[in-house]
Each structure stands twice: as C-alpha cells, then as structure tokens.
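1. Fold the following and give me the result.
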Amino acid sequence: MSQLLEENDQVPSICVAGAGAIGIAIAARFSIAGFRVRLIARGGSLASIRENGIRLLDKEGDHRSQVEVGRAADFGPQHILFLCAKSYDLPELAASLQPLITSETTIIPVVNGIPWWYFDGEGGLWDGPVVRSVDPKGNLKKLMPSRQIIGTTTVITAERLGWGTAQTFNPLQMTIGELDDRLSTRVGELAAILNTAGIDVRVATRIRDAVWTKVVRNLISNPVTAITGATLRENFGNHYLSDVSRQMLREVIPVIEAYGGKLEVDPDAIIESGRILGDVKTSMLQDFEKGNRLELASICDAVIEMAERQGITMPVTEAVTGIAHFRSQGEPANAA
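-> Residues are numbered from 1 along each chain as shown. Prediction:
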C-alpha cells in the first residue's frame, strides 16, 4: 500500500463493500474526514443512496454525505477495500468484487465471528486448514489472497435505520493486525487513515487474541438475544440470561486455549462491558426482527467446529445455537 500512496500523492482510493449499518458508518466517517470513498450497494439501497446520499447519526451529530455508490463493475481497482457484509454473503460478494482487486489491494474484512482466514499465516501446528462453517468450498481463500488481508475486529454498535442511514452513539473502535502478527508499514498507514476518520484504532501484536475476544462477546450475546429479544443491558443484567451467557463463556475458554489463544480482557469484564452498553440491540436481534437470516455460521457454528477438532464439548453453546437456528429458519418475527 505504501507504494500506491506515494504514486497517488498520499490519497488512497477507499472502497467500502456493503451498505449495512457498519458499512454506512465507516463510509460516512471517511467522507466526513475528506477521503474519497466509494460504496458498493445493491437493490433499493443503491437507488436510495444515489438519490439521497448516506446519513450517520453519532455522538458528534447528524452527518449527511454524498458518496460514489454503485456496483463493483462501476469502479476500477482500489487501494483499500473494506468488506462490510454478513459472513454468509461473503462468497457471492467476493466473486463480484474481483474488478476492484489487484495484487496491491489491501483487504480489510470487517466481519463477525471466526474469519475464513483464521488459519492462514498462523505458521504453527494449525496453519492452513479451511474453516468449513464459513468457507465450505474454500472459495474465499482463493478469491481473497491472505497476503493482502489485514485482520480486524470492531466494537461498533451501529443500527441501520433505513436505506443509507445508520445510527451509533458509542465510540467507533477497531483493532487491526497482520495475519502473521508482524508490525508492518501498511498496518501503520491504515491505522493513521482510520484515526483521521475518527475511528479509534489499536494495532494488535496477536490479532487472533483480538478475534477471540470479539468472538466471545458475540457468541455469548447474539444468539441469546435473538432467542429472547433482550437488549445487551437485559442479557447481561438479568440473572437468568447472564447465567446462560456465563456458561457459554466457560465452555469457549478451553477452545481458545487449545489453539494457543487467550482473551485480551478478564472474562468477567466481557459480561460487564456488555451490560453497560445499555439498551443496544445486537446485530443478530436486529436481523431477527427484520426477518433476515441470522449470522450463526461464523459466530456459533465455526466455534463449535473448532471445538470438535480438539475433542471439546460445548453442550450449552450447542443447545443455544440449535434454538437460534430454529428461530432463523422459522417465520419472521413480524409475521402474523
């Protein structure tokens, strides 16, 4: 990426693929900071953004921006590409994004759960396998070269209010790192760009620890809230629900340790930090209420898959996941 920046007067071309809550929030912050940003959208979202632009309501105010929006075929190769889609949409999205990607494109997958690249660049005993739950045919590995990926996790509690409009009143936080955990020039450059856009960035020296910490936050809250309709405050503040989440937390820790990882924070702090976020709806609860498919493969199934590889059982997690799958396959929440 450094060479590309030098050739273009330090102004990178930035593309955000996905016009959901996270994609809108990130694209809006780049636009507010003065970066030229392109947004990949489809359907009614594409038409609405073309006409009205995007809108972000955050702690700083009500921001409206006009951005270049279209399909991948409408734009040329990009320097920086953010993937902001549900994990189950990634295989189709990755294929459609090929016109944007050259050997010099830096790809940042802003995804929930265990990423398809988890075992790439690890360099140890577990280097190389496919995570079947999120990349069953290995297509993501083929279409998104691991050497071009910067791993990331986010703490962005955004909600899409409508086409092109997102709301978030908590700080926008992102952790980034190379898949082989080295400190590289391009990671430093990306961190500077994100900070300029008002996104608080931390560079991780062990990106998988950051991934596991985010995975745990999602695992012990998302499927439970999708089943119960609880907000984060209720999920972690109610005795009965918090007990279920604590049991799931106890089950996942041996899995993390089996792969040489560790949580970046004390387990009890995860429970407390979720509670103090307030009456925020998890992304999975938002999807359920809209009748959308739940993002269970990367958040739940992949963790269970990794546990099975190590001969570890997760009975509570498996039970909650099974109920969530039933809810995902059943009638939409707003059905009569």
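2. If we go by neighbour counts, what in stretch 138-156 is buried?
-> Using 16 or more other C-beta atoms under 10 Å as the test for burial, stretch 138-156 gives 139-141, 143-144, 146, 148-156. The way it works is simple: take the backbone N, C-alpha and C, and place the C-beta from them, glycine included.
3. And it, end to end?
-> This stretch, stretch 138-156, spans 28 Å end to end (C-alpha to C-alpha, to the nearest Å).
4. thinking in terms of the whole chain, how far from its middle is that stretch?
-> Relative to its chain's centre, stretch 138-156 lies at 11 Å (C-alpha atoms, centre = their mean, to the nearest Å).
5. center of the chain - which residue?
-> By C-alpha atoms, centre = their mean, the mean C-alpha position of the chain lies nearest to Val111, the distance being 2.5 Å.
6. Distance from stretch 199-211 to the middle of the chain?
-> The chain centroid and the centroid of stretch 199-211 are separated by 13 Å under C-alpha atoms, centre = their mean.
7. picking that back up, spatially nearest residue to the residue nearest to the centre of the chain, not counting backbone neighbours?
-> Ser87 (5.3 Å; C-beta to C-beta, 6 or more residues apart in numbering).
8. Now do the same for Val11: helix, strand or coil?
-> Look at Val11: counting by DSSP: H, G, I helix; E, B strand; the rest coil, its state is coil.
9. Pretty sure Arg36 is one of the things it touches, is it not?
-> Yes: judged on C-beta atoms under 8 Å, Val11 makes contact with Arg36 at a distance of 7.0 Å.
10. Overlap in contacts, these two.
-> Both Val11 and Arg36 lack any common contact, where contact means C-beta atoms under 8 Å, 6 or more residues apart in numbering.
11. where's the residue nearest to the centre of the chain relative to Ile149, distance?
-> Distance of Val111 to Ile149, computed by C-beta to C-beta, to the nearest Å: 11 Å.
12. Can you get me a residue count around the residue nearest to Val111?
-> 24 (other C-beta atoms under 10 Å).
13. do the same with Asp74
-> Per other C-beta under 10 Å, the neighbour tally for Asp74 reads 13.
14. Now it: phi and psi?
-> phi -80, psi -10 (degrees, to the nearest 10).
15. Tell me which residues touch it, please.
-> No contacts exist for Asp74 under C-beta under 8 Å, 6+ apart.
16. Tell me how far it lies from Thr153.
-> From Asp74 across to Thr153, the span is 30 Å (C-beta to C-beta).
17. do Leu140 as well
-> From Leu140 over to Thr153 the distance is 18 Å, taken as C-beta to C-beta.
18. Any idea how many residues pack against Ser48?
-> When neighbours are counted by other C-beta under 10 Å, Ser48 registers 18.
19. Assumed it was part of a strand.
-> No: going by three-state DSSP, the assignment for Ser48 is helix, not a strand.
20. and it, what pLDDT?
-> Ser48 is assigned a pLDDT of 91 by the prediction.
21. which non-adjacent residue is nearest it?
-> Nearest residue to Ser48, sequence neighbours excluded (C-beta to C-beta, 6+ apart): Trp163, at 3.7 Å.
22. Give me the phi and psi angles of Arg246.
-> Phi and psi for Arg246, reported as degrees, to the nearest 10, are phi -70, psi -40.
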